[in-house]
Structures are given as structure tokens and as C-alpha cells.
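In: Generate a structure from the sequence data that follows.
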Amino acid sequence: MGRRYFDLLAEAESDPGVRVVVVTGAGKGFCSGADFKTLSAIRSGAYDEAPDPRPNTFPTTIRKPIIAAVNGACAGLGMVHALVCDLVFTAEEAKWTTAFARRGLIAEYGLAWVLPRVMGQQRAMDILLSGRVFTGREAYELGLANRAVPGETLLDEVLAYARELAVHSSPASMAVIKRQVWHDWDATLEESAKTAAHEMVASFERPDFAEGVASFLERRPPNFPPL
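Out: Presented below is the predicted three-dimensional model:
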């Protein structure tokens, strides 16, 4: 499933008709984490399938914005999949947990790096060390989600937001901004400002800039070219 998920993200990136990607779970859950039968097989040496060479941070390299719609259980690896998306909307009643410490595991797949930056070190320590279950409403209060809404309205909210991006935001601008945000976490302020100056000059040469200005002056929706 993980391999197919990444294949679909790659297909969405190469499809000029796709401007925003929404990721959600089928049924009642978003992603309940790794398959423990597989983990046991790995531990015993009985698992011989070649792993996907793409890391679990692969969604951060997709040039189009990805929105996680957390509709239910979001645990362990599921939290990783949600938090490497660019935006997170969650059902208020969805159950979140890192779970790792309660399974004898560690903060996997970069969560020890992502969580303190998103929610602060003390809060990250809380949910990592305790492995406690918390709701989507608390996930929003902790800074893990952009919005927490009743589950029955979640997809409507996410799709309305996605359409707003698709209609009004330049695909080229969103691609560059996404790269800036994810890459600049490791950059100094001076390095980030220098890169931004270069990107600004490059943006002047794109048709997106001319269209963005023209649509504003003409008081009409923009007609940006696909990425």
C-alpha cells in the first residue's frame, strides 16, 4: 500500500491537470500504523521483500501541495504520513497517537525532527514518551493540524480549501514556496533570504507573474498555466 501511495503521488505530480493532492483514509481510519506481522518478520529475518527506495519523507519532494484529511485513527507511521504533508485537516473525534514507546520502538521516520519544530520540544516529548491517545481537537490545539472539524464535514472542508488553492494560487509559486519551507528548516536566515532573492528574480520571468498581476488589475480570477 505504501509503495502504491507513493506511485500515485508521483503520477499526480506529473499530471498537469492536478494542482492539489488530498490524502485521506478509506473507511473509518486514516492510517493505523505499520503492519506488526511485517515488523515481526523483519525482526526474525523472515521478511525478504525489497523495501521501497523512496523514504517516508517522499511527499515533501512532490512539487504540488498535499493536504492530509485525517478522518480517523492516525497512529505511528500514520502520523508520519500525515505530518509530511504540507497541510493537515483532522476530524475532531479522530484518534491520534505516536504509539512507539508503548510498542518498544523509537521515534521513527524523522518524527523526532518534525515534531519539535511543529509543536515545540516539551509537547513533542509528551506525545512521544507517553504514546498516549489524543483527539483531533487536541491535535489542532497542539499545532499538529490547521483545522479540526466534525468528521462528517471534513472532506467538504478540505476539498473547498483545495479548490481555493487550485483556482487562485499559482502552481509555480506553490512549488517554489513548498521547496523553500521544507528546505529552509536547515538554513540560516541569511541563506534563506539569499535563496528567496534568487527565486524572486526568477519569478518575474514566469507567465504566472504576468497573469497574477493582470488578473488583479482586471478584477478577475487568474488563469495560471499548469506546472
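
In: Just give me the residue closest to the centre of this structure.
Out: residue 85 (0.4 Å; CA atoms, centre = their mean).

In: quick one: pLDDT of that one?
Out: pLDDT recorded at residue 85 is 97.

In: all strands of this protein, in order?
Out: 21-24, 66-70, 74-75, 87-91, 95-97, 134-135, 147-149 (DSSP state E).

In: Domain map for this structure?
Out: Per automatic domain parsing, the structural domains of the chain span 2-165, 170-217.

In: for the protein, what spans make up the helices?
Out: Counting by DSSP state H, one finds helices in the chain at the ranges 2-14, 36-44, 77-83, 111-119, 121-130, 136-141, 154-168, 171-183, 189-204, 207-217.

In: Tell me which of those sits most buried.
Out: helix 77-83 (a mean of 23; mean count of other CB atoms under 10 Å). For the C-beta atoms, the positions are set from N, CA and C on the backbone; glycine is no exception.

In: Give me the residues contacting that one.
Out: 5, 23, 29-34, 56, 59, 68, 70, 74, 88, 96-98, 108-111, 114-115, 118, 144 (CB atoms under 8 Å, 6 or more residues apart in numbering).

In: and that helix, how far out from the chain's middle?
Out: 8 Å (CA atoms, centre = their mean, to the nearest Å).

In: re the thing from before, redo the domains of the chain as JSON lines? Include distance to residue 225.
Out: What follows is the domains of the chain, written out as JSON lines (distance: least, CB to CB, whole Å):
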{"stretch": "domain 2-165", "distance to residue 225": "9"}
{"stretch": "domain 170-217", "distance to residue 225": "6"}
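
In: mind putting the strands of the chain in a markdown table, distance to residue 167 and mean neighbour count included?
Out: Below are the strands of the chain laid out as a markdown table (distance: least, CB to CB, whole Å; neighbours: other CB atoms under 10 Å):
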| stretch | distance to residue 167 | mean neighbour count |
| --- | --- | --- |
| strand 21-24 | 15 | 19 |
| strand 66-70 | 15 | 26 |
| strand 74-75 | 29 | 26 |
| strand 87-91 | 16 | 26 |
| strand 95-97 | 31 | 21 |
| strand 134-135 | 32 | 17 |
| strand 147-149 | 19 | 20 |
